[in-house]
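A.B. asks: Compute the structure for the input listed below.
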Amino acid sequence: MNDLGFPLGVPVQKIFINLLPTQEEKYETLIRLQFENAAYARNMIRIFNMAAGLFSGNFDIALASLFFANPPVLNGSSVDIRSAAMDEEEIVQLLGFFNTFLTGF
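C.D. replies: As a prediction, this is how the structure comes out:
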């Protein structure tokens, strides 16, 4: 979002990443972002939905295609994001993104 000119501070308390086998050598990723309360989670879903609208099917940015393949789902005070099926290279890219995100860019 910062690269698009939308500086964003996200009050995520915990991030959970699960890899679920889908096909031969492909995995779907379930990313759960846990927030302090449901209001933060609902607002984050709104932000994700607006960002998905900006891309509107143009997924040249690989990370965007992973995040916006499926709509985010409210799960109490968490937001669940399910990716499209990914290969090893895409998983490495996703984990690199979170590593950068968590270490403060």
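
A.B. asks: make it CA atoms for all contacts and neighbour counts henceforth
C.D. replies: OK.

A.B. asks: Direction included, what does the longest strand belonging to the chain pair up with?
C.D. replies: Determined from DSSP state E, the single longest strand within the chain is strand 12-23. In its sheet, strand 12-23 lies beside strand 26-35 (antiparallel), with partners assigned from DSSP bridges.

A.B. asks: hmm, back to that, avg pLDDT for the longest strand of the chain?
C.D. replies: Per-residue pLDDT over strand 12-23 has a mean of 88.

A.B. asks: Just the C-alphas of it, formatted as CSV.
C.D. replies: Listed next in CSV are the C-alpha coordinates belonging to strand 12-23 (Å, rounded to 0.1, in the frame of the first residue of the first chain):
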residue,chain,number,x,y,z
VAL,A,12,-2.0,-6.1,13.9
GLN,A,13,-1.3,-8.0,17.1
LYS,A,14,-0.5,-11.4,15.7
ILE,A,15,-0.1,-12.9,12.2
PHE,A,16,-0.7,-16.6,11.6
ILE,A,17,0.3,-18.2,8.3
ASN,A,18,-0.8,-21.8,7.4
LEU,A,19,0.1,-23.6,4.2
LEU,A,20,-2.5,-26.0,3.1
PRO,A,21,-1.8,-28.5,0.3
THR,A,22,-4.1,-28.2,-2.7
GLN,A,23,-2.4,-29.8,-5.7
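
A.B. asks: longest helix in this structure, by residue count?
C.D. replies: Longest helix in the chain, counting residues (DSSP state H): helix 38-55.
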